[in-house]
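Enquirer: next one to model:
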Amino acid sequence: MPSPKLYLWISLLAIALVILICTGFDSVDSGYLSLESLKPALIVSYAINSKEVEDADSVCRGRRVYMYELPSKFNVDFYLNKTMCREGLMAWLDLCGRFEHGGYGLRYLNRSQYEGQWDEHWYDTDSYMLEVIFHTRMQSYPCRTLDPSRADAFFIPYYTGIDALLMLYEKPDLSGTMDKRANFGSEIVEWMDKNAHQYWHKYQGRDHFMLFGRTCWDFRLQKYWGTGFVDRQYIYNTTNLMMEREPTTENEQAIPYPTGFHPSSPERLWSWILEVQRSERNYLMAYVGAPRPELDWSVRGILSTQCSKAGNRTCNMVDCHEITCSHNPLAIYKAFLKSNFCLQPRGDSSTRRSTFDCMIAGSIPVFFHPDSAYTQYTWHLPKDPTSYSVYISEDDLKAGVTISKVLRGYSQERIHKMRKTIISIIPNLIYNDYTNDIRSASKDAFEVSIEKVVERITDYKKSVQSSA
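Expert: Sure thing, here's the model as predicted:
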């Protein structure tokens with residue numbers, strides 16, 4: 001168990017935190033692990049810290065996760081090899097900056113257009129860095145074990161989506177590319193079979209989990225797109241966390257898209273929540289996006305038309321044809337902070353990062369397809385969709401339903417209640433730049449995901465034991 005001296009330090013830190021919150025002073029920005037910290041020498045230092053926690057059986061019992069130390073070609077080489085991240089992954093795009101700060105990307109600090117709240121805890125985060133974020137955060141997961149025989153779950157830190165970039169964006173050459181995409185991931189499966197045979201085969205991968213930093217469709221082999229990775233040996237059994245799942249696939253689970261907001265301390269998180277609560281919402285609704293005329297099923301054109309014709313102070317529209325929305329959080333959050341509702345149609349696939357930008361700003365999402373949230377983020381969102389969102393079907397929209405008319409049917413009392421629900425789950429939707437105590441009720445998106453995946457694996461093991 002932790003020593004009395006450790007408890008004393010924890011108590012002193014808790015008192016200091018209360019004082020900081022009460023007085024409104026900012027704490028020193030702790031910053032989080034950089035990708036450099038994933039080098040072996042620094043991994044050892046985190047191993048020592050994790051080993052100390054392992055003795056606290058009452059805290060970590062049933063929560064221990066073993067993270068494989070894979071050859072660097074499967075993960076950190078994509079960043080440490082600067083030639084690779086500058087031009088080796090996508091020839092037309094330098095990705096090196098997006099790996100910074102443990103996958104959070106470059107800070108918006110000192111950029112003249114960002115003021116006050118928009119400084120230290122806002123980053124130019126690329127959602128596709130989710131694999132990097134999880135790998136970084138797992139370094140200091142309090143119940144990480146270094147002994148696989150004590151593990152309740154196993155994490156494979158393979159940068160699946162990043163590794164797939166070369167194949168996904170190659171020009172289609174059906175004589176060769178199709179075969180390469182079908183064979184994608186064979187190396188990591190071979191490594192697991194050779195180096196982790198005992199644990200990999202014990203439950204045929206069912207007590208293992210992985211991160212897929214893209215949508216599920218990128219890992220399903222199609223004629224001109226995707227890889228065949230999810231169909232490889234035992235990968236079809238592992239719990240696969242991704243930003244969008246195939247709703248009927250049992251071993252896939254969607255988790256929140258990373259946004260640009262990564263508070264470095266609890267008081268910074270709560271100061272943002274206060275801003276969300278106090279924000280004057282002068283618009284009925286907001287729409288951030290652009291029409292997609294090339295997609296026959298898309299209702300974005302209808303939303304753009306209704307928004308532009310809605311009249312003064314009804315719809316606050318941010319046209320993503322005019323600005324690069326994914327890298328301009330100021331314009332997006334200003335729109336959401338001023339609006340009661342935010343329109344969330346399907347994007348290139350069913351889900352959008354904008355859904356989480358919307359809720360983090362305290363705006364109530366309006367969905368037009370159940371796969372945009374309800375069948376996806378079951379670990380992070382309330383069970384009752386009506387408690388935090390509005391649903392208007394795409395068919396009703398195409399049949400002529402006016403969105404503003406539907407939304408004006410919601411009373412201020414109901415809007416207030418829905419916003420209160422959304423604000424209560426903001427901590428669960430973001431990826432912090434600090435780690436909560438494992439016993440804390442407050443958990444960020446990473447911590448909720450780890451808790452739920454270990455729960456899922458534990459339930460499976462219990463079912464096997466009870467049927468034996």
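
Enquirer: where do the helices sit along the stretch 51-200 of the chain?
Expert: Using DSSP state H, counting those that start in this stretch, the helices of the stretch 51-200 of the chain run over 57-60, 77-80, 82-83, 130-138, 160-168, 177-182, 186-195, 197-202.

Enquirer: quick check, pLDDT for the residue nearest to Phe229 when sequence neighbours are not counted.
Expert: Leaving aside its chain neighbours, Phe229 sits nearest to Gly185 (4.0 Å; criterion: Cβ to Cβ, 6 or more residues apart in numbering). From N, CA and C alone the C-beta is placed, and that goes for glycine too. Model confidence at Gly185, given as pLDDT, is 88.

Enquirer: what of Leu38?
Expert: 37.

Enquirer: okay if I get the helices of the stretch 51-200 of the chain as CSV plus distance to Pro329?
Expert: Shown next, in CSV, are these (distance: least, Cβ to Cβ, whole Å):
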stretch, distance to Pro329
helix 57-60, 36
helix 77-80, 23
helix 82-83, 27
helix 130-138, 17
helix 160-168, 22
helix 177-182, 34
helix 186-195, 34
helix 197-202, 40
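
Enquirer: most packed of these?
Expert: Comparing the helices of the stretch 51-200 of the chain by mean neighbour count (mean count of other Cβ atoms under 10 Å), helix 130-138 ranks first with a mean of 25.

Enquirer: give the rounded mean pLDDT of that helix.
Expert: 97.

Enquirer: ok, stretch 258-265 next?
Expert: Across stretch 258-265, pLDDT averages out at 94.

Enquirer: which of the helices of the stretch 51-200 of the chain comes out lowest on mean pLDDT?
Expert: It's helix 177-182: among these, that one has the lowest mean pLDDT, namely a mean of 77.

Enquirer: packing partners for that helix?
Expert: helix 160-168 (3 or more Cβ pairs under 8 Å, 6 or more residues apart in numbering; DSSP states H and E).

Enquirer: looking at the helices of the stretch 51-200 of the chain, which is nearest to Pro148?
Expert: Pro148 lies closest to helix 197-202 among the helices of the stretch 51-200 of the chain, at 5.5 Å (Cβ to Cβ).

Enquirer: other residues contacting the closest one?
Expert: With contacts defined as Cβ atoms under 8 Å, 6 or more residues apart in numbering, helix 197-202 is touched by 66, 148, 151, 154, 192-193, 207-208, 234.

Enquirer: buried stuff in stretch 406-422?
Expert: 406-407, 410, 418-419, 421-422 (16 or more other Cβ atoms under 10 Å).

Enquirer: now the helices for the stretch 201-350 of the chain?
Expert: Using DSSP H, counting those that start in this stretch, helices in the stretch 201-350 of the chain cover 266-278, 300-308, 329-337.

Enquirer: possible to save the ones you listed as a markdown table with mean neighbour count?
Expert: Output for the helices of the stretch 201-350 of the chain, formatted as a markdown table (neighbours: other Cβ atoms under 10 Å):
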| stretch | mean neighbour count |
| --- | --- |
| helix 266-278 | 16 |
| helix 300-308 | 18 |
| helix 329-337 | 21 |
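
Enquirer: output these as JSON lines; include the columns distance to Thr136.
Expert: Compiled in JSON lines, the helices of the stretch 201-350 of the chain are given as follows (distance: least, Cβ to Cβ, whole Å):
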{"stretch": "helix 266-278", "distance to Thr136": "19"}
{"stretch": "helix 300-308", "distance to Thr136": "34"}
{"stretch": "helix 329-337", "distance to Thr136": "21"}
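
Enquirer: of all those helices, which one is nearest Lys461?
Expert: helix 266-278 (33.8 Å).

Enquirer: between the helices of the stretch 51-200 of the chain, which gets nearest to Met285?
Expert: helix 130-138 (28.6 Å).

Enquirer: mind listing what Met418 touches?
Expert: 364, 387-389, 410.

Enquirer: try it again with 7 Å
Expert: Met418 makes contact with 364, 387-388, according to Cβ atoms under 7 Å, 6 or more residues apart in numbering.
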